[in-house]
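Participant: Please work out how this folds:
(one chain, ligands or ions: 2)
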Amino acid sequence: IVAMEDYDYLFKIVLIGNAGVGKTCLVRRFTQGLFPPGQGATIGVDFMIKTVEIKGVKVKLQIWDTAGQERFRSITQSYYRSANALILTYDITCEDSFRCLPEWLREIEQYANNQVVTILVGNKIDLAEKREVHRQRAEEFAQAQSMLYLETSAKESDNVEKLFLDLACVLIREA
Ligand code: GDP
Ligand code: MG
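Facilitator: Ligands and ions are numbered 1, 2, ... in the order given. Predicted coordinates for the structure are as follows:
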């Protein structure tokens, strides 16, 4: 018996970046269309699934959120294993979250497979008046590290759909 799959591709996408940059909100916004106010640091699940269709191609995205485990380095290896794409997120209003990026890149180099597609995401662009990291600086950093770059707002739903669809397109192309 051959099971009929309801998708053409399955990709695992993993979100990383400092606590508080908006990873959980990005996932919730994309998978549930929600921006939950006052939600806790964890969502209590390891991953969420969303299937998207791009030019008639059905792509199932398995999206892994760190669920507040950013500090627990012991989970790292299993977390990165088999990721097709990484969403490395920082907060444009938090210089510190940007300065930590090299640390995350070292982790990627150490644990992720070398085919992995990485996109750098500057989140919280709805807080433009509090911006601490200029777009050009982030773009140059991303380019130097061969990463894609996108700025988002999980709150305003700005570029969130685009983030996951762009990533899916790249993954299809490289599959
Ligand atoms: P995580 O630790 O990276 O998962 O971050 P969370 O998703 O839990 O978000 C941390 C805080 O930032 C929460 O108070 C969110 O409401 C807030 N936040 C997340 N995304 C945005 C955004 O796009 N704009 C604004 N203004 N706040 C956001
Ligand atoms: Mg979180």
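Participant: Can I get the helix or strand of the chain with the lowest mean pLDDT in CSV, CA atoms only?
Facilitator: When each helix and strand of the chain is scored by mean pLDDT, DSSP states H and E, helix 76-80 comes last, with a mean of 77. The C-alpha trace of helix 76-80 is given here as CSV (Å, rounded to 0.1, in the frame of the first residue of the first chain):
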residue,chain,number,x,y,z
THR,A,76,21.2,22.4,20.5
GLN,A,77,22.4,19.5,18.4
SER,A,78,19.2,17.6,18.2
TYR,A,79,17.4,20.9,17.5
TYR,A,80,19.5,21.8,14.4
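Participant: now it, how far from the centre of its chain.
Facilitator: In terms of CA atoms, centre = their mean, to the nearest Å, the centre of helix 76-80 is set 15 Å apart from its chain centre.
Participant: Can you measure across stretch 131-139, start residue to end residue?
Facilitator: End-to-end distance of stretch 131-139 (CA to CA, to the nearest Å): 15 Å.
Participant: Residue of the chain closest to ligand 2, please.
Facilitator: Thr24 (3.3 Å; CB to the ion). Every residue, glycine included, has its C-beta placed from N, CA and C.
Participant: Would you mind confirming that that residue makes contact with Ile63?
Facilitator: No: checked against CB atoms under 8 Å, the pair Thr24 and Ile63 is beyond contact range at 10.8 Å.
Participant: which ones are touching Val170?
Facilitator: 85, 117, 148 (CB atoms under 8 Å, 6 or more residues apart in numbering).
Participant: if you set the cut-off to 7 Å instead, what comes out?
Facilitator: For Val170, the contacting residues are Val117, by CB atoms under 7 Å, 6 or more residues apart in numbering.
Participant: Now do it against Ile13, distance only.
Facilitator: From Val170 across to Ile13, the span is 11 Å (CB to CB, to the nearest Å).
Participant: In a helix, the residue of the chain closest to ligand 2, correct?
Facilitator: Yes: counting by DSSP: H, G, I helix; E, B strand; the rest coil, Thr24 is part of a helix.
Participant: what about it, neighbour count?
Facilitator: Thr24 has 22 neighbouring residues, counting by other CB atoms under 10 Å.
Participant: try Glu132
Facilitator: Glu132: 13 neighbours (other CB under 10 Å).
Participant: For Ile92, see how far away it is.
Facilitator: 7 Å.
Participant: one step back: correct me if wrong: the residue of the chain closest to ligand 2 contacts Asp65.
Facilitator: Yes: counting by CB atoms under 7 Å, Thr24 touches Asp65, with 5.5 Å between them.
Participant: helix/strand/coil for Thr66?
Facilitator: coil.
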